[in-house]
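1. Okay, predicted coordinates and the sequence, questions at the end:
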Amino acid sequence: MLIGREKGKKVIFLDELPWMDAPRSGFLSELESFWNGWASARKDIVFVICGSATSWMVKKIIRNKGGLHNRLTHRIALKPFPLALCEEMMKSHGIEMTRKQILNGYMIFGGVPYYWNLLKKGASLTQEIDRLIFSEDGDMYDEFNMLYASLFKKPEPYIKVIGLLAGKKEGLTRKEIIEKGKLGDNGTLTEILNDLEWCGFIRSYPMPGRQLRDEIFQLTDHYTLFYYEFIQGKRHGRNFWQLMEGKPQYNNWCGRAFERVCLCHTDQIKRKLGISGVLTNEYAWRHIPKKQLEEVGKKEEGAQIDLLIDRSDGIIDLCEMKYATGKFAITEAYQATLDRRKTLFKEVTKTKKALHTVLVTTDGLAHNAYSGEIQNEVCLNDLF
């Protein structure tokens, strides 16, 4: 590498750095020597390194204990696109899509620009999903295996944990992961969970009133969840995705996938609620009963709330997220469920704050005799 003394900044840009660090290559020690022994002494060198294997970048660069310790000037964590940027990207490519269609794409692709860039003009979203994912020559036909192999040098233990979390929508505690997967309670599991979280596949969250060791780990990667729902261990005929629309499995998946999209857009939800400037914490909460109700001879019902916005102004927003093909109507039975969930949350957490039920829907709320308890509404357009 020849770098002269010409005036002006010289930029050295290394992309996908983790894959240069092959076993026994000594790459990292050579990189440390290059920077500390020569480049850092010059004022005209801008050294930029990138890597999609986030866990490697965190452990080997950001938290480096050797020659690169405390050498970073700036770091940029590239986040997935929100819905609004996906919409802009499609417009820039000349692809006409409604916001509902962009949402449906986001429920599969998430905010990964690479996936969105594969879409072509002139076909519907369902046609493109069939072409990309379910056709043997599609660009994403074997995406699951390639994705995890590209990020982790030994992907099998990571996929095992991912598979456990895929089977439990509301997530699992560390203890439950160990028991269900027959895994050791050791540093290896800690490293796997940390790596998966750094790479954006899972999220961990504490529950109000519970200790840190009871935190929940939840699979949140859109494509991975789509894979376990519709691809793993299944054979697909021609036009599979076009034929799936409207079927019960598809409708159930839409409800769960929409919840995950909402979890990625909590800033937009808070903006709609007018609390962007209010100090908040976002949680999820679940109640697992430990005893049976002897008087009725059945198990006590549990409860799950996927998004709580705990506000410093004395309010907790209990967010209900519903995917619908039209305005969502609250029935008498659903209203009873909301009331029971709110009462149970108050009893279990002992909170003194006011509890507001917020409904996040695709097409708005149908106002009827049971909609009066809803304090605020958030619609799909607000997520953009």
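-> Received, thanks. What you are looking at is a predicted structure, and each value in this text was computed from that prediction instead of being measured.
2. what ranges do the strands span in this protein?
-> Applying DSSP state E to the chain gives strands spanning 10-14, 45-49, 172-173, 202-205, 216-219, 280-287, 292-293, 298-299, 303-311, 315-322, 328-329, 354-361, 365-366, 374-378.
3. Which strands or helices does the last one pack on?
-> The elements that strand 374-378 packs onto, with contact taken as 3 or more Cβ pairs under 8 Å, 6 or more residues apart in numbering; DSSP states H and E, are helix 266-273, strand 315-322, strand 354-361. For glycine as for every other residue, the C-beta is placed from the backbone atoms N, C-alpha and C.
4. Also the third one?
-> Other elements packing on strand 172-173 under the criterion 3+ Cβ pairs under 8 Å, 6+ apart are strand 216-219.
5. Equivalent analysis for the second one, please.
-> Of the remaining helices and strands, those touching strand 45-49 by 3+ Cβ pairs under 8 Å, 6+ apart are strand 10-14.
6. still on that earlier bit, any idea which of the helices and strands packed on strand 374-378 is most buried?
-> strand 315-322 (a mean of 21; mean count of other Cβ atoms under 10 Å).
7. and the gap between Gln127 and Ser204?
-> 37 Å (Cβ to Cβ, to the nearest Å).
8. need the contact list for the closest residue to Leu365 other than its chain neighbours.
-> Nearest residue to Leu365, sequence neighbours excluded (Cβ to Cβ, 6 or more residues apart in numbering): Glu377, at 5.1 Å. Contact analysis of Glu377 by Cβ atoms under 8 Å, 6 or more residues apart in numbering lists Val358, Leu359, Val360, Thr361, Gly364, Leu365.
9. on that earlier part again, least reliable of the strands of the chain going by mean pLDDT?
-> Among those, strand 292-293 carries the lowest mean pLDDT, a mean of 41.
10. Who are the contact partners of the residue lying closest to Ser276 once chain neighbours are set aside?
-> Closest residue to Ser276 apart from its sequence neighbours, by Cβ to Cβ, 6+ apart: Lys270 at 5.4 Å. Residues in contact with Lys270 (Cβ under 8 Å, 6+ apart) are Ser276, Val278, Thr280, Ile309.
11. How about residues contacting the biggest helix by length in the chain?
-> For the chain, the helix that runs over the most residues, judged by DSSP state H, is helix 332-349. With contacts defined as Cβ under 8 Å, 6+ apart, helix 332-349 is touched by 208-209, 285, 287, 301, 303, 305, 318, 320, 330, 351, 355, 357, 370, 373.
12. is it true that Phe240 touches Phe134?
-> Yes - applying Cβ atoms under 8 Å as the test, Phe240 and Phe134 come out as touching, 4.8 Å apart.
13. who has more neighbours, these two?
-> Taking neighbours as other Cβ atoms under 10 Å, Phe240 and Phe134 compare with Phe134 leading, 21 against 18.
14. Touching, the more buried one and His236? I think so.
-> Yes - Phe134 lies in contact with His236 (Cβ under 8 Å); the separation is 4.9 Å.
15. Can you give me the first-to-last residue distance of stretch 206-226?
-> End-to-end distance of stretch 206-226 (Cα to Cα, to the nearest Å): 25 Å.
16. in it, what's buried?
-> Residues of stretch 206-226 classed as buried: 206-208, 215-226 (neighbour count, 16 or more other Cβ atoms under 10 Å).
17. Which residue ranges make up each domain of the protein?
-> Domain assignment for the chain, taken from automatic domain parsing, gives 1-78, 83-141+234-253, 145-228, 266-383.
18. And those: which comes nearest Arg260?
-> Counting by Cβ to Cβ, Arg260 lies closest to domain 145-228 out of those; the figure is 5.7 Å.
19. Using CSV, write down the CA coordinates of the longest helix of the chain.
-> Extracted as CSV, the C-alpha positions of helix 332-349 are listed here (Å, rounded to 0.1, in the frame of the first residue of the first chain):
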residue,chain,number,x,y,z
GLU,A,332,-67.7,-7.4,23.8
ALA,A,333,-65.5,-10.4,24.3
TYR,A,334,-62.3,-8.5,23.3
GLN,A,335,-63.3,-5.6,25.6
ALA,A,336,-63.5,-8.1,28.5
THR,A,337,-60.0,-9.4,27.6
LEU,A,338,-58.6,-5.9,27.7
ASP,A,339,-60.2,-5.2,31.0
ARG,A,340,-58.9,-8.4,32.5
ARG,A,341,-55.4,-7.8,31.2
LYS,A,342,-55.4,-4.3,32.7
THR,A,343,-56.7,-5.5,36.0
LEU,A,344,-54.1,-8.3,36.2
PHE,A,345,-51.3,-6.0,35.2
LYS,A,346,-52.2,-3.6,38.0
GLU,A,347,-52.5,-6.4,40.6
VAL,A,348,-49.2,-8.1,39.7
THR,A,349,-47.0,-5.0,39.2
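20. Pull out the buried positions in that helix.
-> Residues of helix 332-349 classed as buried under the neighbour-count rule (16+ other Cβ under 10 Å) are Gln335, Leu338, Arg341, Lys342, Leu344, Phe345, Val348, Thr349.
21. Go through the residues you listed and name the one nearest Lys175.
-> Using Cβ to Cβ, the buried residues of helix 332-349 come closest to Lys175 at Val348, 19.2 Å.
22. any low-confidence regions in the stretch 201-350 of the chain?
-> Counting by pLDDT under 70, the stretch 201-350 of the chain contains low-confidence residues at 208-213, 290-301.
23. and the spatially most central residue of the chain, what is it in contact with?
-> Central residue check for the chain by Cα atoms, centre = their mean: the C-alpha nearest the mean position is that of Thr220, 3.6 Å away. Applying Cβ under 8 Å, 6+ apart to Thr220 gives the contacts Gly200, Phe201, Ile202, Arg203, Arg260, Leu263, Cys264.
24. now the residues you listed in a markdown table, with neighbour count and distance to Leu72?
-> Output for those, formatted as a markdown table (neighbours: other Cβ atoms under 10 Å; distance: Cβ to Cβ, whole Å):
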| residue | neighbour count | distance to Leu72 |
| --- | --- | --- |
| Gly200 | 18 | 21 |
| Phe201 | 22 | 24 |
| Ile202 | 23 | 25 |
| Arg203 | 19 | 25 |
| Arg260 | 21 | 32 |
| Leu263 | 19 | 29 |
| Cys264 | 21 | 27 |
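25. I'm done for today, thanks for sticking with me.
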